[in-house]
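> What follows is a predicted protein model with its sequence.
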Amino acid sequence: VQAAEAAAQTATAGVQAAQAQLHTAQVNESYAVLRAPVDGVITQRNNSIGDVVAPGQSVFSMDVPHLQVYVAISETELPYVKVGEPITMTVAALPGRTFTGHIFEIDPAPIPGNMTEYRVKATLQDTSQILKPGMNGNVTLHTAATSGAELSIPTMSLQQVSGVYGVYVMGNNPEKKGQGQGQAPGGAQGTSVAVSQVPAQVDQNLPVDVYFQPVEIGYQGNQYVEVTSGLHAGEKILLGVGRFISPGTAEGTTFGTPSA
C-alpha cells in the first residue's frame, strides 16, 4: 500500500511539473504574436520570419486613422492611471478647442534618460482634422481616482514637517482652544488628523494667526494634490512658509469648493 501511495505521489508531482512546463510554453508562444494596440493598416514590415528582435526595436509601421498623443507622467501618478480612461487636450495654437480621447497603452518601463517618468499613449479624436502631427498641448487625464469628493490644493502649498504632510492654515488653531477636533469654517466638524502629531515647536515659530494642519493626501499631480482629510472648504491656506510677509500677517489662498 505504501509503495502504491508513493507511486501516486510521484505521478502527481509529474503531472504538476508537466502543467508548469505547458504554462511556460504557452507564455513563450504568446510572445511570438504581435498585437496592435489600435486599429490601422500595416504600411511597412521591418523584419522577416526568423529574425531576432531586440526590445524596443520597430517591427512594423502602421497608418492609423486617428492621431495619438504621448504624455509623460511621474511614478507617483502611475498607480492612478489606467488603460481606457478618458483624456482631454487643449492646444495653445487652437484657442477655444478641446479634443477628447482615451488611453490605450502605458509603457511598462520608464522613459529612457528619465527614470522617474513613464510614457502614456492616448488616441485623439479630431473630425475636423485641424490638429497636426508635432503639435504640443495640455493634456488632462480623467482617472477613476478623481472622485470629485476631495479638495484639491496647489502642490506647492503641501509641506512636510517631521515626516507629516500638512498645510499652513490662516486662523486660530482649534487645538489651542482645547477643542480636540475643533470647528472648521462654516460650522463643519473638525479634522480627523490630530495636530498633536506635529512637534509643538512648529506652531511656536509661526505668526499668531497661522498654524500647521496635518492632512491626508490622495492623488498627486504636478500642479495640484488631493486632500482626503484634514482640510475643509473655506479654510485659507498659505502657499508655503516663504509666503509670510510679517509677523501676524500672511498671504494665502481660499479654497471654497471641493474640486478634483
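That came through, no problem. Residues are numbered from 1 along each chain as shown.
> going forward, measure contacts between C-alpha atoms and count neighbours the same way
Noted.
> quick one: low-confidence ranges for the stretch 51-200 of the chain?
Applying pLDDT under 70 to the stretch 51-200 of the chain picks out residues 65, 145-150, 175-200.
> just the strands in it please.
Per DSSP state E, counting those that start in this stretch, the stretch 51-200 of the chain carries strands over the ranges 60-63, 67-74, 86-90, 98-106, 117-125, 138-141, 151-154, 159-161, 164-170.
> what's around the closest residue to residue 223 other than its chain neighbours, how many residues?
Excluding its sequence neighbours, the residue lying closest to residue 223 (CA to CA, 6 or more residues apart in numbering) is residue 155, at 5.3 Å. By the criterion of other CA atoms under 10 Å, residue 155 has 16 neighbours.
> just the helices in the stretch 151-260 of the chain please.
201-204 (DSSP state H, counting those that start in this stretch).
> How about the backbone phi and psi for the residue most central in space within the chain?
Centroid-nearest residue in the chain: residue 77, 2.2 Å away (criterion: CA atoms, centre = their mean). Note on residue 77: backbone dihedrals following degrees, to the nearest 10 are phi -90, psi -20.
> Just confirm it contacts residue 220, I think it does.
Yes - counting by CA atoms under 8 Å, residue 77 sits close enough to residue 220 to count as a contact (6.4 Å).
> hmm, back to that, pipe the strands of the stretch 51-200 of the chain into a markdown table and attach distance to residue 2 per row.
Below are the strands of the stretch 51-200 of the chain laid out as a markdown table (distance: least, CA to CA, whole Å):
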| stretch | distance to residue 2 |
| --- | --- |
| strand 60-63 | 60 |
| strand 67-74 | 60 |
| strand 86-90 | 62 |
| strand 98-106 | 55 |
| strand 117-125 | 58 |
| strand 138-141 | 64 |
| strand 151-154 | 68 |
| strand 159-161 | 66 |
| strand 164-170 | 63 |
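> could you redo these as JSON lines and give each row mean neighbour count?
Formatted as JSON lines, the strands of the stretch 51-200 of the chain follow (neighbours: other CA atoms under 10 Å):
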{"stretch": "strand 60-63", "mean neighbour count": "13"}
{"stretch": "strand 67-74", "mean neighbour count": "17"}
{"stretch": "strand 86-90", "mean neighbour count": "18"}
{"stretch": "strand 98-106", "mean neighbour count": "18"}
{"stretch": "strand 117-125", "mean neighbour count": "20"}
{"stretch": "strand 138-141", "mean neighbour count": "16"}
{"stretch": "strand 151-154", "mean neighbour count": "22"}
{"stretch": "strand 159-161", "mean neighbour count": "15"}
{"stretch": "strand 164-170", "mean neighbour count": "21"}
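> Show me the one of those strands that comes nearest residue 7.
Among the strands of the stretch 51-200 of the chain, strand 98-106 comes nearest to residue 7, with 48.9 Å by CA to CA.
> Alright, I will stop here.
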